[in-house]
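[1] what follows is a predicted structure for the sequence shown.
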Amino acid sequence: MLSLAEYVAKASSKGVPRPGVILAIRMSILAMKLLEIDDPAAFHRKLIVVAETDRCLPDILELVLGCRLGNRTLKFRDWGKMAASFLDVTRGRACRIVALETVEPEAVNCFNHLSRDDALAEAYRVFPDERLFRWTPIILNFRPEDFPGYPADRVLCQRCGEGIAFRREIRRDGLTLCRSCAGETYWEL
Ligand SMILES: [Zn+2]
């Protein structure tokens, strides 16, 4: 595990990091502490993370923990929360960490000689974990098809004909349907 400053340097090759980047790094480091993971690289495909928002959080989870959408160890649930869940597959342990909404007013109050962004960045650097986050052990109910290495065999949607992998099909009225044809579509023509 690198230090906070080393991760911040890695994440800020293109300039000064946004405060949220520092917070996401702190969250990743806390997750490693809670799950007693010192070297995330040794957990290749055995550490699965669920990010509950986009923007910088998934990028930092990838940078610090090596979890990626591309190897199925980073999941995305778009709930708009600065929160993530972490599963150590080897030991079957999981925790969820959420950033506290109280941090921002505390940071602005504590570092009132700084701009809002600088105050946040400073708070995210120096506040103890307990002041930044709430965390709890959880059970993560993944199915076999959610794990890396599950065969990517496809079935065809009986309405649109498109292929569906990882058992994401829905069976309804005797038909095998993709989520879009089953009514969960996010697009229209
Ligand atoms: Zn379909």
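    Yes, it's here.

[2] which positions in this structure make contact with the ion?
    157, 159-160, 178, 181 (CB under 5 Å from the ion). Backbone N, C-alpha and C define where each C-beta goes, glycine included.

[3] could I have the buried ones of the residues you listed as PyMOL selection syntax?
    In PyMOL syntax, the buried subset of the residues of the chain next to the ion is picked out as below (16 or more other CB atoms under 10 Å):
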select buried, resi 157+178+181
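
[4] now for the residues of the chain next to the ion: which two are most distant?
    R159 and C178 (7.5 Å; CB to CB).

[5] can you list the domains in this protein?
    Following automatic domain parsing, the chain resolves into domains at 4-145, 151-184.

[6] between the two ends of the first one, how far is it?
    This points to domain 4-145. Start and end residues of domain 4-145 are separated by 34 Å (CA to CA, to the nearest Å).

[7] how about stretch 159-173?
    12 Å.

[8] check the offset of that stretch from the chain's centre.
    26 Å (CA atoms, centre = their mean, to the nearest Å).

[9] which of the residues in that stretch are classified as buried?
    164, 166, 169-170.

[10] pretty sure L120 is touching P105, no?
    No: L120 lies out of contact with P105 (CB atoms under 8 Å); the separation is 10.6 Å.

[11] these two - which one has more neighbours?
    Between L120 and P105, L120 has the larger neighbour count (other CB atoms under 10 Å), namely 21 against 9.

[12] just give me the residue closest to the centre of this protein.
    For the chain, A51 is the residue whose C-alpha lies nearest the centre (CA atoms, centre = their mean; 2.4 Å).

[13] re the thing from before, among the residues of the chain next to the ion, name the ones in strands.
    Among the residues of the chain next to the ion, no residue falls in strands (DSSP state E).

[14] for the residues of the chain next to the ion, which one is nearest F142?
    Nearest to F142 among the residues of the chain next to the ion is C178, at 21.1 Å by CB to CB.

[15] and the contacts of stretch 162-173?
    Residues from elsewhere that reach stretch 162-173, judged by CB atoms under 8 Å, 6 or more residues apart in numbering: 143, 145-146, 150, 152-157, 176-179, 182.

[16] still on that earlier bit, distance-wise, check the residue nearest to the centre of the chain relative to the ion.
    27 Å (CB to the ion, to the nearest Å).

[17] can I assume that residue is in contact with T73?
    No: counting by CB under 8 Å, A51 stays clear of T73, with 11.3 Å between them.

[18] what about this structure, any weak spots by pLDDT?
    For the chain, no stretch has pLDDT under 70.

[19] can you pull out the strands in it?
    47-51, 74-76, 83-88, 93-99, 133-138, 154-156, 163-165, 170-172, 175-177.

[20] reformat the ones you listed as a markdown table; add distance to P19.
    Output for those, formatted as a markdown table (distance: least, CB to CB, whole Å):
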| stretch | distance to P19 |
| --- | --- |
| strand 47-51 | 18 |
| strand 74-76 | 22 |
| strand 83-88 | 17 |
| strand 93-99 | 11 |
| strand 133-138 | 15 |
| strand 154-156 | 42 |
| strand 163-165 | 38 |
| strand 170-172 | 41 |
| strand 175-177 | 43 |
